[in-house]
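Student: With the input below, show me the fold.
(one chain, ligands or ions: 1)
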Amino acid sequence: MQVTDGAFDAPYHAPVLVAEVLERLGHARSVLDGTLGGGGHTAALIAEGAEVTALDRDPEAIAAARERLPDAERAGKFHPVQSNFADIDVVPALDNLTFDGILLDLGVSSHQIDDAKRGFTFREGAPLDMRMGADAEMDAAEWLAVSEVPAMAQAFKEYADEPKAMRLARTIEKRRSRAPLLVSDDLVGAIREALGPRSGSGDFARLFQAVRIAVNGELTALERALPVLRDRLAEGGVMVVIAYHSGEDRIVKHAFRAWSVDCICPPRHPVCTCGNNHSLGEVLTRRAVTAAEGEATRNPRARSARLRAWRRRG
Ligand SMILES: C[S@@+](CC[C@H](N)C(=O)[O-])C[C@H]1O[C@@H](n2cnc3c(N)ncnc32)[C@H](O)[C@@H]1O
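Tutor: Numbering: from 1, shown residues only. Okay, here's the model as predicted:
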């Protein structure tokens with residue numbers, strides 16, 4: 001199918017790289033969409049003839065996509081399930097299912113960002129919540145209240161590349177001893193104090209994202225999920241992952257590479273001892289696929305998207 005850019009956009013969310021996803025998954029008859037969101041990619045895959053089982057941690061995403069795709073659900077082409085994609089092995093409805101295609105479009109949807117009460121942005125007065133779903137152990141306010149300084153500093157460094165990570169963690173510790181951080185302004189105040197008066201919206205966005213990643217255990221879930229999902233691919237099946245954060249993209253790149261080599265012994269090891277005598281499949285994207293200029297201009301979310309694909313041996 002020839003896809004016009006924007007054809008599957010919805011007010012809930014505008015999916016990125018739809019043509020690039022269909023190029024790799026358009027042939028698949030049974031697909032697992034691990035990140036349903038507003039159902040844009042799922043709708044495109046169903047239009048290509050696939051039957052899609054779709055997961056999301058967020059009940060609001062499940063409800064919105066069911067409202068969008070009632071005919072497909074009635075026709076048995078769309079099976080929404082509220083779950084973390086890392087927990088697929090403990091969802092009874094998904095027992096023993098394998099798929100020709102698996103898609104992960106990571107991060108948050110535009111709806112989650114736009115809805116101030118979800119607390120994903122630094123819009124004034126927004127509660128520090130940031131949970132994608134009820135399976136998150138705590139919300140952002142609690143994370144900022146109970147995390148040890150080194151753990152906070154590590155999150156700011158690893159997830160936001162923040163050079164003043166330790167200073168920010170100490171500032172939060174000092175401020176929370178006076179009053180809990182409950183709304184976005186409290187975290188913005190701490191960031192301003194630690195980074196200085198020249199800090200601005202780019203810093204707030206980066207550091208709020210770091211808190212979100214920590215609260216939802218996003219990188220841990222991805223690392224845990226990838227091999228589990230790989231084992232749900234049918235022979236010759238393809239996995240596509242779209243990442244928006246360099247840490248996520250690195251995890252995907254390394255996993256796909258590691259699954260594709262014949263030997264995983266350390267370099268210069270004189271004799272092979274790993275016993276990994278053949279690769280599990282092949283990387284389909286030598287470099288991450290990015291959005292074309294037109295899409296990136298129309299949909300700014302697409303600018304940071306990095307798509308990678310891997311095929312299981314046939
Ligand atoms: C970028 S949006 C997906 C948009 C979707 N592809 C579309 O076309 O509308 C990411 C979605 O994945 C969900 N999500 C993120 N991490 C998840 C996880 N570990 N398990 C299940 N859902 C997750 C979020 O709640 C969000 O709804």
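Student: Please report the distance of the residue positioned nearest the centre of the chain from Leu219.
Tutor: Nearest to the mean C-alpha position of the chain, by CA atoms, centre = their mean, lies Leu106 at 1.9 Å. Plainly put, Leu106 is 10 Å away from Leu219 if you go by CB to CB, to the nearest Å. Bear in mind the C-beta positions are built from the backbone N, C-alpha and C, glycine included.
Student: Which neighbours do those two have in common?
Tutor: Glu248 (CB atoms under 8 Å, 6 or more residues apart in numbering).
Student: follow-up on the earlier one: go ahead and confirm the residue nearest to the centre of the chain touches Ser246.
Tutor: No - judged on CB atoms under 8 Å, Leu106 makes no contact with Ser246 at a distance of 12.0 Å.
Student: which residues touch Ile191?
Tutor: Leu168, Ser199, Asp203, Phe204, Leu207.
Student: Where does pLDDT dip in this protein?
Tutor: 277 (pLDDT under 70).
Student: At which residues are the strands of it located?
Tutor: 30-33, 51-56, 78-82, 99-105, 233-243, 281-283, 306-312 (DSSP state E).
Student: would you turn those into TSV with distance to Val90?
Tutor: Shown next, in TSV, are the strands of the chain (distance: least, CB to CB, whole Å):
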stretch	distance to Val90
strand 30-33	15
strand 51-56	12
strand 78-82	12
strand 99-105	17
strand 233-243	19
strand 281-283	25
strand 306-312	22
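Student: okay, those strands in a markdown table with mean neighbour count and distance to the ligand next?
Tutor: Converted to a markdown table, the strands of the chain look like this (neighbours: other CB atoms under 10 Å; distance: least, CB to the nearest ligand atom, whole Å):
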| stretch | mean neighbour count | distance to the ligand |
| --- | --- | --- |
| strand 30-33 | 26 | 7 |
| strand 51-56 | 25 | 4 |
| strand 78-82 | 19 | 9 |
| strand 99-105 | 25 | 4 |
| strand 233-243 | 22 | 8 |
| strand 281-283 | 17 | 22 |
| strand 306-312 | 23 | 12 |
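Student: tell me which residues form a beta bridge with Phe99?
Tutor: Beta-bridge pairing of Phe99 under DSSP bridges involves Leu233.
Student: Could I get the contacting residues of it?
Tutor: With CB under 8 Å, 6+ apart, Phe99 has these contacts: Ala28, Ser30, Val31, Leu32, Thr53, Arg232, Leu233, Ala234, Gly237.
Student: rerun that using 6 Å as the cut-off
Tutor: By CB atoms under 6 Å, 6 or more residues apart in numbering, the residues touching Phe99 are Ser30, Val31, Leu32, Arg232.
Student: coming back round to it: nearest to the ligand among the contacts of Ile191?
Tutor: Using CB to the nearest ligand atom, Leu207 comes nearest to the ligand of the contacts of Ile191, at 19.4 Å.
Student: For that closest one, give me its contacts.
Tutor: Taking CB under 6 Å, 6+ apart as the test, what Leu207 contacts is Ala160, Ile191.
Student: now it: how far from Met132?
Tutor: 18 Å.
Student: How about Asp115?
Tutor: Applying CB to CB to Asp115 and Met132 gives a distance of 12 Å.
Student: In the stretch 151-300 of the chain, which residue sits nearest the ligand?
Tutor: For the stretch 151-300 of the chain, CB to the nearest ligand atom, closest residue to the ligand: Ala221, 4.3 Å.
Student: Might one say that that residue is in contact with Ala86?
Tutor: Yes - in this structure, Ala221 is within contact of Ala86 by CB atoms under 6 Å, at 4.2 Å.
Student: Which one's more surrounded, the two?
Tutor: When Ala221 and Ala86 are compared for neighbours, Ala86 comes out ahead with 22 against 18, by other CB atoms under 10 Å.
Student: who's in contact with Gly281?
Tutor: Trp259, Trp310, Arg311, Arg312, Arg313.
Student: So which residues on this structure come close to the ligand?
Tutor: 13, 15, 34-35, 37-41, 55-58, 61, 84-86, 105, 107-109, 132, 221 (CB under 6 Å from any ligand atom).
Student: any idea how far Arg131 is from Ala296?
Tutor: Applying CB to CB to Arg131 and Ala296 gives a distance of 29 Å.
Student: Comparing these two, which shows the higher neighbour count?
Tutor: Shown here are Arg131 and Ala296; by other CB under 10 Å, Arg131 has more neighbours (22 against 16).
Student: these two touch, right, the more buried one and Asp139?
Tutor: Yes - assessed by CB under 6 Å, Arg131 is found in contact with Asp139 at 5.3 Å.
Student: quick one, helices of the chain?
Tutor: 18-25, 40-47, 59-68, 70-74, 110-114, 140-146, 149-160, 165-178, 184-195, 201-215, 218-230, 246-258, 293-298 (DSSP state H).
Student: Nothing else from me, thank you.
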